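Student: From the sequence below, what's the structure:
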Amino acid sequence: MATAETYAWWIFEKAFFVWELNRTISLPLEDFFDFERTVRNIYHAEIHNFIGGTMLYWWSASNAPEMVLHHSFLDKLWLQWQKKGEEYKNVYFPSLRLKLPRSNYHGLEWLDSNNMPGQVKVLYQD
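Tutor: A predicted model of the protein is given here:
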């Protein structure tokens, strides 16, 4: 059974996470690399590490059912960044021209959630 102290700690952690998330999303365009590093290192890697098990290793994470939810959350963060303005959509390493591994696509083709290959659009409800 949870104690008042445990509950208070949970509230604090949740409030801090929301505060940090809002701080990350509100970073200005010139701080894109801070945004990208925070999403990659904290919201992506740390969550994989925290969940552990199958999610811990790159070769097995795609088999974990929670991976879909986790990566959907990351995609939603990216879309929130893009919604801040047209210049936010194209800031992501515009000179990167490599094809994705085992694919005929370039990474840049998948960056605009409203205009992906195959006329795919991703919409999220807030």
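
Student: how close does L79 sit to I42?
Tutor: From L79 over to I42 the distance is 18 Å, taken as Cβ to Cβ, to the nearest Å. (Glycine included, C-beta is placed from N, CA and C.)

Student: Ignore what I typed, I meant E66.
Tutor: 17 Å.

Student: Tell me which residues touch the residue positioned nearest the centre of the chain, please.
Tutor: The centroid of the chain falls nearest to L74 when counting by Cα atoms, centre = their mean (2.1 Å). Residues in contact with L74 (Cβ atoms under 8 Å, 6 or more residues apart in numbering) are V39, Y43, H44.

Student: Show the buried residues in those.
Tutor: Using 16 or more other Cβ atoms under 10 Å as the burial test, the contacts of L74 include V39, Y43, H44 as buried.

Student: just those now: which is nearest M116?
Tutor: V39 (18.6 Å; Cβ to Cβ).

Student: Can you read off the pLDDT for that closest one?
Tutor: Here the pLDDT value assigned to V39 is 93.

Student: What residue, apart from its backbone neighbours, is nearest it spatially?
Tutor: Among residues not flanking V39 along the chain, L77 sits closest, at 5.7 Å (Cβ to Cβ, 6 or more residues apart in numbering).

Student: And for N63?
Tutor: N63 sits nearest to T54 (Cβ to Cβ, 6+ apart), 5.6 Å away.

Student: pretty sure that neighbour is touching S60, no?
Tutor: Yes - between T54 and S60 there is a contact under Cβ atoms under 8 Å: 4.7 Å.

Student: Which one's more surrounded, these two?
Tutor: T54 (16 against 12; other Cβ atoms under 10 Å).

Student: now the more buried one: how far from E36?
Tutor: Counting by Cβ to Cβ - T54 and E36 are separated by 26 Å.

Student: same question, K14
Tutor: Distance from K14 to E36, by Cβ to Cβ: 24 Å.

Student: who's more crowded, the two?
Tutor: E36 (17 against 10).

Student: Figure out the helix or strand that the more buried one lives in.
Tutor: E36 belongs to helix 32-38 when assigned by DSSP states H and E.

Student: so what secondary structure elements neighbour the next helix or strand after that helix?
Tutor: Remark: after helix 32-38, the chain's next helix or strand is helix 47-51, criterion DSSP H and E. In this structure, helix 47-51 packs against helix 66-82, with contacts taken as 3 or more Cβ pairs under 8 Å, 6 or more residues apart in numbering; DSSP states H and E.
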